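# Generate coordinates for the sequence data below:
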Amino acid sequence: MYYYSNINFMGKITNSLGIIPARFASTRFPGKPLVDIQGKTMVQRVFEQACKSALSLVVVATDDRRIYDHVVAFGGNVVMTSDQHPTGTDRCAEVAAIPEFADCQWVVNVQGDEPFIQPGQIDLALNFLTKNANCPIVTLAKKIDHKSNMNLADPNMVKVVFDKDQRAIYFSRWPLPFHRNLPQEQWLAEGEFYKHIGLYAFRREVLLEVAALPPSRLELAESLEQLRWLENGYAIGVALTEFESISIDSPADLELAVRQLAVGSH
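Take a look at the predicted model:
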């Protein structure tokens, strides 16, 4: 049984659908879609930012009645989904497969834990997808500034390398590329590295296809589902953004985000 609330097609990029996966039972931060950030919940902030983009329709996809009722309360669009999905992509695919959304040619998985997502980042991915017939999936990346003091070896910061046509070659938790002739402490200053930002835009039929694939060898090794798509021959376009993403995975991340909001960073 599916539930709908306040579905309003807004008429921007025709047949585009943004889906925000939001589950309550996060291991590291239970209930985080409903956490308050300066007077608004995380899921409301993500929804409102996505609605500022060129997407013609935005919906929250959840498996929890508390989140569902909250989205209804603030006037958002929401769909109740299964509680058995291992990934946000699987949850998005369930929504995209609903007959009422069959005309939605372009589907964007908007991460539910990035309350300050820039509408322009969504538009960037959508534009790349609609303009590049050879890339049925598009994601984002940001060049890592050598002054940022980021730790390239941090496994929580996924890196991506791509070809001259901005098609992904590989994603890894390990620093890529490996600069054989440089000391590791000089890699950021002398090399070029890109941080993967986990927003995904799909052609609808491709989203349904990749969600039906079994986990792959490289995916299981790195715990990165996009490697499953590469292993099965799907080209992934990589659009470059200047904006840093702030993913809230823990209460500590939330504290940092609130501090940045208070000083006007977003």
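# now the strands for the chain?
For the chain, the strands defined by DSSP state E cover 13-22, 36-37, 40-41, 55-62, 78-80, 106-109, 137-143, 159-162, 168-172, 194-203, 236-240.
# Determine which of those strands approaches residue 179 most closely.
Closest of those to residue 179 is strand 159-162, at 12.4 Å (criterion: CB to CB). All C-beta spots, glycine's among them, are computed from the backbone N, C-alpha and C.
# Low-confidence stretches in the stretch 51-200 of the chain?
For the stretch 51-200 of the chain, no stretch is flagged by pLDDT under 70.
# quick one on the thing from earlier: the strands of the chain: which one's closest to residue 117?
strand 194-203 (7.2 Å).
# and the angle for the closest one with strand 137-143?
If you take axes from the mean of the first three to the mean of the last three CA atoms, to 10 degrees, strand 194-203 sits at 160 degrees to strand 137-143.
# just to revisit the earlier point, between the strands of the chain, which gets nearest to residue 220?
Nearest to residue 220 among the strands of the chain is strand 168-172 (13.7 Å), distances taken as CB to CB.
# can I see the domain layout of this structure?
As given by automatic domain parsing, the domain ranges for the chain are 1-117, 132-196+205-244.
# any chance of these in a markdown table, plus mean neighbour count?
Shown next, in a markdown table, are these (neighbours: other CB atoms under 10 Å):
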| stretch | mean neighbour count |
| --- | --- |
| domain 1-117 | 19 |
| domain 132-196+205-244 | 16 |
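# Residue 126 is nearest to which of those?
The nearest among the domains of the chain, by CB to CB, is domain 1-117 at 5.9 Å.
# ok, now which ones touch the most far-flung residue of the chain relative to its centre?
Of all residues in the chain, residue 181 has its C-alpha farthest from the mean position, at 34.4 Å, by CA atoms, centre = their mean. With contact set as CB atoms under 8 Å, 6 or more residues apart in numbering, residue 181 has no partners.
# One more: the one 3 residues further on?
If a contact means CB under 8 Å, 6+ apart, then residue 184 has residue 152 as its contacts.
# Next up, the contacts around the residue lying closest to residue 85 once chain neighbours are set aside.
Leaving aside its sequence neighbours, residue 85 sits nearest to residue 91 (CB to CB, 6 or more residues apart in numbering; 4.5 Å). Going by CB under 8 Å, 6+ apart, residue 91 touches 19, 21, 23, 61, 63, 81, 82, 85.
# so which of the domains of the chain gets nearest residue 254?
Residue 254 lies closest, by CB to CB, to one member of those: domain 1-117, at 6.3 Å.
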